[in-house]
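S.K.: with the input below, show me the fold.
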Amino acid sequence: MAPRIPSGDQLTNARPVYCLDLTFGGVEYHLATEPVDVERDGRVIHYSEALSDPGYMEEVTREGMQASNSVPLAVFLDGVDIAAEVNRGHRLESVAGHLFFVLVDRSTGRSGQTYAERFALLTGRLSQPVYADPERSAGYLAFTLDDNPGDDSSLLLDSAAVVSGATWPNAPAVSGGKVYPVVIGTPGSFRKPDGTLSTTSGSPAYPLAESGSNYTKLLIAGHDVEATSVTVFDGIGTASQSFSVTRETDGLGRLVATVDISSPGAISPKEAEYWVVWDNGGGIGSPFASTALEGLGDVCAWALLRTSLRVDVPKWIAEAGILNRVKVATYITEPTLSPWSFVARILDSMLVEVRAGPSGLYPMGRVLDTAMAEGLTLITEGPEFEPVGPVTGQTQLGDVINAVTVQFAIRGKTGDYKRRVTLTPDPDSTDPEQFSDEYATISANRWSTDPEAPIIQAESIDLDHIYDDTSAALIARERVRTQGLGYSERPYLADARFGYLMPGDQVRLDSESLGRVFLATVLSKRWTGYAWGLSLALDDDPVRISSL
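M.R.: Okay, the predicted model is just below:
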């Protein structure tokens, strides 16, 4: 589950006290920014005042990936000589810590939460430890508590899932060492600009058996598949033929998908390579539905189930409704690819924030739809939510993008793309792959100093994992929406009851000082000792603002 968030009622007449669980040298330490007792499993644990105020700030970027979460801390371990413990072999770099806070009643000083009800912030390991400072006590230790998803030591693919003497002892030599393809969605199958179906080489296939001078069987996937038949291209690439899918096990008992080509018609019976088009059903089945795996959110959750990192899989599943608007179609044969690297790759072009929370990695999508924005919390400026600084524009002309070309439907055999779509303020009416929308048009006119010369600034992105034109167009639209019109930032000081707001949250902000309602995103949050310091991104979006 995602981090617990305090409610407005819990925050009334309360202040947060930060606590840290730390195990070093075989001893568990319970430290806090002020003394507090926390009930845990029927007993009371005393957290001693030995933790520096972390000045903990949670923050996100307005778009992109947050790949890590960290906070600098300092502690005092009473009666401990840190240097002596290190000399005994207790490595600080292997120490793990858990940072959380509880809400203490301002009147009684008592915690309002048990340990099970705590508000977890970060679980990670110590990095860059500082100790043995001659001007400080021997028990003084400073470090950064760091949770870094980049430390994914797991592999997405099974290292034994290769064509070998153990799996296919009679396989032709040309297939030796080939990694079983993991097929997601329907690679190779796409639509032309006029809407008609078309095909191209989507994923590789490897010969597993031969008779005489001809191949008789091809491996098309290292797992069961949803497809009932596939189309196979031979290495020449000019001939194709449909074959029924067969399920069987390899020499190690692994279920795989194959096709019998012992009676070839159009394709050559012996080529250096073969390619598959998934035009009658998809590849691997979804663990979350009775269909082929293809929705972006489901694909991410499927991959992260295999990672060594801590992942909030239920949150990924909960966000699938938004993420699954994009359909993924690709194959994986990279033996050293980690689950996190794969997820980062397919999310690279998407407006999805991936956060490293105490329960693991979880996604935060952005609201871009007007109807969805109308359901957001409305906050009104006032004494309890007060601007404490000016509005600062964050977008320069060089950052503006209002024309996006997306190349997709990759031809597996050659690496070129069969399709493209272009969102532009000034589309060519003779090109069916170009289109426009109101965001692109407003952007081109907004940044121009000459009404007769709109400014068009373009980018081109290549998507190897997309074959669906609707998904490609959606990605282009979202990039223009967020990068075409610009945004500003403004700092606010909010009453303690607004502690439920988290970085990445979007709200409607009714600003009396600015005279209108904004769609605002919380970029950062920190506790000042008496109130929450927030930084808000104010989207400069006349299309949405007019409806809000």
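
S.K.: from here on, contacts and neighbour counts on C-alpha atoms
M.R.: Fine.

S.K.: tell me, how many neighbours does Gln10 end up with?
M.R.: 19 (other C-alpha atoms under 10 Å).

S.K.: what's it sitting at in phi/psi?
M.R.: For Gln10, the backbone dihedrals (degrees, to the nearest 10) come out as phi -70, psi -30.

S.K.: who are the contact partners of Ala403?
M.R.: Ala403 sits next to Thr422, Leu423, Thr424, Pro425, Ala440, Ile456, Gln457, Ala458, Glu459, Val480 when contact means C-alpha atoms under 8 Å, 6 or more residues apart in numbering.

S.K.: any idea of the pLDDT on it?
M.R.: At Ala403, the model reports a pLDDT of 96.

S.K.: go on, Ala520?
M.R.: 88.

S.K.: contacts only, for it.
M.R.: Taking C-alpha under 8 Å, 6+ apart as the test, what Ala520 contacts is Gln506, Val507, Arg508, Leu509, Leu536, Ala537, Leu538, Asp539.

S.K.: columns secondary structure on top of these, output as a markdown table?
M.R.: Shown next, in a markdown table, are the contacts of Ala520 (DSSP: H, G, I helix; E, B strand; the rest coil):
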| residue | secondary structure |
| --- | --- |
| Gln506 | strand |
| Val507 | strand |
| Arg508 | strand |
| Leu509 | strand |
| Leu536 | strand |
| Ala537 | strand |
| Leu538 | strand |
| Asp539 | strand |
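
S.K.: so Leu219 makes contact with Pro207?
M.R.: Yes - contact criterion C-alpha atoms under 8 Å: Leu219 and Pro207 qualify, at 6.3 Å.

S.K.: between those two, who's got more neighbours?
M.R.: Taking other C-alpha under 10 Å, Leu219 and Pro207 do not tie; Pro207 has more neighbours (28 against 24).

S.K.: ok, what's across the strand from the more buried one?
M.R.: Leu218 (DSSP bridges).

S.K.: center of the protein, which residue is that?
M.R.: Val354 (4.0 Å; C-alpha atoms, centre = their mean).

S.K.: just to revisit the earlier point, give me the common contacts of Leu219 and Pro207.
M.R.: By C-alpha under 8 Å, 6+ apart, no residue touches both Leu219 and Pro207.

S.K.: for Val311, see how far away the residue nearest to the centre of the chain is.
M.R.: As judged by C-alpha to C-alpha, to the nearest Å, Val354 and Val311 stand 11 Å apart.

S.K.: in a helix, Val232, correct?
M.R.: No - Val232: not assigned to a helix; according to three-state DSSP it is strand.

S.K.: so which of the contacts of Ala403 sit within helices?
M.R.: Mapping these onto helices (DSSP state H) picks out Ala440, Val480.

S.K.: what is the nearest of the contacts of Ala403 to Ile379?
M.R.: Val480 (27.0 Å; C-alpha to C-alpha).

S.K.: hmm, Ala440 and the closest one touching each other?
M.R.: Yes - the pair Val480 / Ala440 is scored as a contact, 6.4 Å apart, by C-alpha under 8 Å.

S.K.: shared neighbours of these two, anything?
M.R.: Residues within reach of Val480 and of Ala440 at once, by C-alpha under 8 Å, 6+ apart, are Asn402, Ala403.

S.K.: compare neighbour counts for these two and give me the winner.
M.R.: Ala440 (26 against 22).

S.K.: quick one, what contacts that one?
M.R.: So Ala440 contacts Asn402, Ala403, Leu423, Thr424, Pro425, Val480, Arg481, Gly484 (C-alpha under 8 Å, 6+ apart).

S.K.: what about it, distance to Arg40?
M.R.: On the measure of C-alpha to C-alpha, Ala440 and Arg40 end up 55 Å apart.

S.K.: circling back: which of the contacts of Ala403 are buried?
M.R.: Thr422, Leu423, Thr424, Pro425, Ala440, Ile456, Gln457, Val480 (16 or more other C-alpha atoms under 10 Å).

S.K.: so which of those are in strands?
M.R.: Thr422, Leu423 (DSSP state E).

S.K.: could you dump the buried ones among the contacts of Ala403 to TSV with distance to Arg15?
M.R.: Putting the buried ones among the contacts of Ala403 into TSV (distance: C-alpha to C-alpha, whole Å) gives the following:
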residue	distance to Arg15
Thr422	52
Leu423	49
Thr424	50
Pro425	51
Ala440	46
Ile456	50
Gln457	48
Val480	41
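
S.K.: now the most far-flung residue of the chain relative to its centre, what are its backbone angles?
M.R.: Centroid-distance maximum for the chain: Gly212 at 49.6 Å, with C-alpha atoms, centre = their mean. Dihedral pair for Gly212: phi 70, psi -120, per degrees, to the nearest 10.

S.K.: rewinding a little: need the contacts of Ala440 in a markdown table (columns: distance to Leu305).
M.R.: Below are the contacts of Ala440 laid out as a markdown table (distance: C-alpha to C-alpha, whole Å):
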| residue | distance to Leu305 |
| --- | --- |
| Asn402 | 37 |
| Ala403 | 36 |
| Leu423 | 35 |
| Thr424 | 39 |
| Pro425 | 41 |
| Val480 | 32 |
| Arg481 | 32 |
| Gly484 | 36 |
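
S.K.: and the residue nearest to the centre of the chain, what element?
M.R.: strand 352-357 (DSSP states H and E).

S.K.: ok now the helix or strand following that strand, how far from the chain's centre?
M.R.: Using DSSP H and E, the helix or strand that follows strand 352-357 in sequence is strand 360-365. With C-alpha atoms, centre = their mean, to the nearest Å as the basis, strand 360-365 stands 6 Å off its chain's centre.
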